[in-house]
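> Pasting a predicted model and its sequence here:
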Amino acid sequence: FFERPLFKPGHEAGLDYVDRWGTISQQEEVFINRWTEKLPGIRQSNRAYIVQGNKLRADTFDDDVMRWLPDGLREDVYWGKRKFETLDELMEVTGKSRTDFELLAKWHNALTGRGNIGNFLKNNNQWLNALYYAPRFVVSRFEVPIRAVKNIATDPAMRGVVAKDLAAAIVASTAALYTLDKLPGVSVDFNPLSSDFRRIRIGPLRIDIDGGFSTMVRQVVQIAYGKRTSAATGETYDVPRTELIGGALTGKFSPSASFVRDVLDEEDFVGNDLDSPQAYAKRVAELWTPLAAQDVFDATQEFGVIGIGTAPIGFLGGGLTTYGPGVDWIEDFKPYFAIPTDPNKIGTKEHPFSRTIYRQRNPEIDAKLFILGDVTSLMRIKGNSLPSASRAVPLVLRLIRENNIDPDDIKGIRDRKDALVAAEEAG
């Protein structure tokens with residue numbers, strides 16, 4: 001690696017090299033705690049992650065520099081017959097400025113998740129990592145589009161580089177997603193308000209191939225519009241911008257910071273109660289288990305042995321998420337959520353009846369809405385006030401059995417139990 005013909009000028013230009021044994025600022029954020037090196041399998045994972053990241057960053061930088069070299073010299077550099085000792089030497093043969101090479105290094109740092117955060121924050125990276133998970137990576141996702149616009153507008157040497165990289169990433173990935181969207185059993189959500197934005201959906205499995213960029217775009221769009229679309233139901237609803245901003249900030253907390261937040265809130269990030277030692281133990285295991293391992297475990301729980309086949313996706317940087325019941329019901333909910341909530345718009349040719357009547361006429365939709373918590377009670381048969389007098393009750397029971405759902409995870413059932421306990425305590 002260090003014998004590469006372009007290593008020294010690249011290092012001088014500011015191309016990041018992650019040193020496994022270097023200072024805190026030089027290490028990989030995901031493995032920044034030295035004690036993790038002592039855990040079985042972590043040392044090997046750390047080494048593989050760092051080596052691959054350094055190689056990818058160096059290879060892409062070298063590839064662009066090679067394009068700037070004269071034809072005859074390019075072949076000598078490729079075969080290692082010519083090495084450069086300084087950046088000035090490389091500047092002389094390419095005709096590019098020091099600024100061009102520094103911008104190129106920063107561009108490839110950002111593309112590979114090494115955000116350019118300045119010397120002060122870089123030297124105090126351990127404090128950032130105590131609060132946030134991989135802060136330089138998060139910064140890099142926002143830095144790339146900003147740096148792309150700036151480079152195209154101000155630096156002629158970088159225009160071609162940026163255009164090439166963006167075309168390769170955006171056009172190729174979008175073409176792949178549109179192609180996959182046409183396959184049976186596979187779909188892709190292109191709604192930027194949805195948490196499934198640009199994710200490949202196969203049943204309850206979600207695959208993200210955008211390396212964190214689609215998440216950044218979704219959060220920006222949601223905050224700009226003050227809206228969010230449910231991935232389970234397809235309903236778009238208003239959300240306070242303060243809540244969206246808070247969620248974006250706290251969602252990137254480190255495991256330690258996340259645990260402190262959960263203890264103070266007495267619930268985890270998605271609202272599951274932490275009301276027993278077992279719940280706390282489960283949360284601790286979730287927070288400190290590597291994300292890729294969690295993803296593979298969830299996929300295996302859902303798909304059995306076949307789920308192990310998703311392991312390469314997670315370990316090679318792709319995002320994997322496995323949802324519980326409800327994610328396959330989104331098409332079922334579209335007619336319901338298309339009905340306006342404004343009573344003045346009901347009774348028209350387009351919307352002849354309300355959502356309430358729709359639920360009465362479609363007990364399966366009523367049952368699914370109840371399971372997901374969008375409604376907390378079931379529609380009853382007209383003229384009968386008994387809770388069991390609902391055509392949706394047997395459907396709820398069937399869906400609970402088929403999807404292996406814990407009834408206490410259903411908000412309507414949990415609320416009814418809490419009400420009964422409160423009534424008993426009150427006498």
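Structure received.

> and the biggest helix by length in the chain, what does it pack onto?
Ranked by residue count and defined by DSSP state H, the top helix of the chain is helix 42-68. Other helices and strands packing on helix 42-68, by 3 or more C-beta pairs under 8 Å, 6 or more residues apart in numbering; DSSP states H and E, are helix 7-13, helix 71-78, helix 87-94, helix 98-111, helix 156-166. Using the backbone N, CA and C atoms, a C-beta is placed for each residue, glycine as well.

> can you rerun that using 7 Å?
Packing partners of helix 42-68 (3 or more C-beta pairs under 7 Å, 6 or more residues apart in numbering; DSSP states H and E): helix 71-78, helix 98-111.

> Just give me the lowest mean pLDDT stretch among these.
Ranked by mean pLDDT, these end with helix 71-78 at the bottom, a mean of 89.

> What are the buried residues along stretch 244-256?
Neighbour counts over stretch 244-256 (16 or more other C-beta atoms under 10 Å) mark 244, 247-248, 252-254 as buried.

> for stretch 332-350, same thing?
For stretch 332-350, by 16+ other C-beta under 10 Å, it's 332-333, 336-337, 339, 346.

> how about the residues you listed in CSV, adding pLDDT and distance to residue 158?
Converted to CSV, these look like this (pLDDT from 0 to 100; distance: C-beta to C-beta, whole Å):
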residue, pLDDT, distance to residue 158
332, 81, 49
333, 83, 46
336, 88, 50
337, 84, 45
339, 88, 51
346, 90, 56
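
> Go through those residues and name the one nearest residue 227.
Checking the buried residues of stretch 332-350 against residue 227 with C-beta to C-beta, the nearest one is residue 337 at 13.4 Å.

> Quick check: phi and psi at residue 155.
Torsion angles at residue 155 (phi, psi; degrees, to the nearest 10) stand at phi -130, psi 110.

> Double-check it against residue 101; I have them as touching.
No - with contact defined as C-beta atoms under 7 Å, residue 155 does not count as touching residue 101 (11.0 Å).

> between these two, who's got more neighbours?
residue 101 (25 against 17; other C-beta atoms under 10 Å).

> still on that earlier bit, in strands only, show me the buried residues of stretch 332-350.
Nothing among the buried residues of stretch 332-350 maps onto strands, per DSSP state E.

> Which of those residues fall in helices?
332-333, 336-337.

> and the angle from the longest helix of the chain to helix 71-78?
160 degrees (axes from the mean of the first three to the mean of the last three C-alpha atoms, to 10 degrees).

> what angle sits between helix 42-68 and helix 156-166?
Counting by the same axes, to 10 degrees, helix 42-68 lies at 130 degrees to helix 156-166.

> what mean pLDDT does helix 42-68 have?
85.

> Please tell me how far that helix is from the chain's geometric centre.
Centre-to-centre, helix 42-68 and its host chain are 23 Å apart (C-alpha atoms, centre = their mean, to the nearest Å).

> now stretch 177-189
Centroid separation for stretch 177-189 versus its chain: 19 Å, with C-alpha atoms, centre = their mean.

> what's in contact with that stretch?
196-202 (C-beta atoms under 7 Å, 6 or more residues apart in numbering).

> mind redoing it with 6 Å?
With C-beta atoms under 6 Å, 6 or more residues apart in numbering as the contact definition, stretch 177-189 has outside contacts at 196-197, 200-202.

> what's the answer for stretch 95-114, then?
13-16, 56-57, 60-61, 64, 68, 116, 136-137, 140, 143-144, 147, 155, 157-158.

> from those residues, which would you call buried?
Among the contacts of stretch 95-114, the ones that count as buried by 16+ other C-beta under 10 Å are 13-16, 57, 60-61, 64, 68, 116, 136-137, 140, 143-144, 147, 155, 157-158.

> Where does pLDDT dip in the stretch 51-200 of the chain?
Along the stretch 51-200 of the chain, the model assigns pLDDT under 70 to residues 120-127.

> if we go to 50?
By pLDDT under 50, the stretch 51-200 of the chain has no low-scoring segment.

> Kindly report the same for the stretch 251-400 of the chain.
Residue ranges of the stretch 251-400 of the chain with pLDDT under 50: 387-388.
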